[in-house]
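*Asks:* Mind folding the following:
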Amino acid sequence: MRFLGIQRPGPADVMTLVNASCGAAAVLVVLAYAHRPEHDLATNGIRTVTLLLLVGTIFDTLDGAFARRGGGTRLGPMLDSLADALSFGLAPAVLLAQLGMRGASTLESSFVVVGFLCYVGAALLRLADFSSSRLEDTQFTGLPSPLAAGAVVAIAFLSTSPFVIAVGLAAVGLMMVSRLAYPKQRGPVIAAALVAWGFGIAGTLGAYDVRIGAVVMLFVIVLVMPTLPALVSHERAPV
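*Replies:* Below is the predicted model:
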């Protein structure tokens, strides 16, 4: 059925659009803080962007659940990749680049730009590869873009050094196009994600030192989650 000249979106597509809206709003927040004091961006700006991306991640998970229950359409795979490119590719990279280039020298800014381009390019490549050939895979190959955005935001809470930001963006980008295996958002992973969302939102709202959450997030994303598929495969191996 057509709606305003396009295929009518289903419930899952609406969830995906909410995710994209969160990413677009996050970019606007970064732009709104562009001419404010650095301290404002490094505190209130980061927290606002983080909340928006957390909400976007929740709806990114919900759209898959709705699609698997018959609420998806042919728009779904393409729309999902476009939304993820905005929310988890562009938005967090813009935030980190803005932080890194504040008061930076020309050379330092150049490093940040290179890291920014590496991250965004890797996100696009990873999403295109997934949509074109990996939809039926039982696990993710390469760091999923929502987790990549989480890692980038964690770096933002821990440092505003242009060098750290440039290296962090490039390293997370490399992880997205690597051969690392990550579990899909099903069953126990969803339960763990619920805890992580609550933990992240509480820290962002000031319930505890958010830098603690940032360190934990980086530890889980970089070290813990890539080991889960291997552990599951080992447990299922015949004896």
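*Asks:* Name the residues of the one helix or strand T50 maps to that are buried.
*Replies:* Assigned by DSSP states H and E, T50 falls within helix 46-66. Residues of helix 46-66 classed as buried by neighbour count (16 or more other CB atoms under 10 Å): 46-64, 66. C-betas here are computed from N, CA, C, even on glycine.
*Asks:* and if you look at stretch 202-213?
*Replies:* G203, T204, V210, G213.
*Asks:* just to revisit the earlier point, could you check how far the helix holding T50 is from the centre of its chain?
*Replies:* Here helix 46-66 shows a centroid-to-chain-centroid distance of 9 Å under the convention CA atoms, centre = their mean, to the nearest Å.
*Asks:* same deal with stretch 210-218?
*Replies:* Distance of stretch 210-218 from the chain centroid (CA atoms, centre = their mean) equals 15 Å.
*Asks:* swap in stretch 97-104?
*Replies:* 20 Å.
*Asks:* residue boundaries of the helices in this protein?
*Replies:* Along the chain, counting by DSSP state H, helices occupy 11-32, 38-40, 46-66, 76-84, 91-101, 106-133, 145-158, 162-176, 188-204, 210-219, 228-236.
*Asks:* The ones you listed into JSON lines, with extra columns for distance to Y182 and mean pLDDT?
*Replies:* Formatted as JSON lines, those follow (distance: least, CB to CB, whole Å; pLDDT from 0 to 100):
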{"stretch": "helix 11-32", "distance to Y182": "19", "mean pLDDT": "94"}
{"stretch": "helix 38-40", "distance to Y182": "34", "mean pLDDT": "85"}
{"stretch": "helix 46-66", "distance to Y182": "14", "mean pLDDT": "89"}
{"stretch": "helix 76-84", "distance to Y182": "14", "mean pLDDT": "89"}
{"stretch": "helix 91-101", "distance to Y182": "17", "mean pLDDT": "95"}
{"stretch": "helix 106-133", "distance to Y182": "11", "mean pLDDT": "94"}
{"stretch": "helix 145-158", "distance to Y182": "7", "mean pLDDT": "94"}
{"stretch": "helix 162-176", "distance to Y182": "10", "mean pLDDT": "97"}
{"stretch": "helix 188-204", "distance to Y182": "9", "mean pLDDT": "78"}
{"stretch": "helix 210-219", "distance to Y182": "14", "mean pLDDT": "90"}
{"stretch": "helix 228-236", "distance to Y182": "7", "mean pLDDT": "55"}
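*Asks:* Is it possible to get a markdown table of those that adds distance to Q139?
*Replies:* A markdown table is the format used below for the helices of the chain (distance: least, CB to CB, whole Å):
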| stretch | distance to Q139 |
| --- | --- |
| helix 11-32 | 21 |
| helix 38-40 | 40 |
| helix 46-66 | 14 |
| helix 76-84 | 17 |
| helix 91-101 | 23 |
| helix 106-133 | 11 |
| helix 145-158 | 13 |
| helix 162-176 | 15 |
| helix 188-204 | 10 |
| helix 210-219 | 20 |
| helix 228-236 | 5 |
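*Asks:* my guess is P162 meets T106, correct?
*Replies:* No. Counting by CB atoms under 8 Å, P162 stays clear of T106, with 10.8 Å between them.
*Asks:* Would you mind telling me which of the two has the busier surroundings?
*Replies:* Each of P162 and T106 has its neighbours counted (other CB atoms under 10 Å); P162 has more, 23 against 6.
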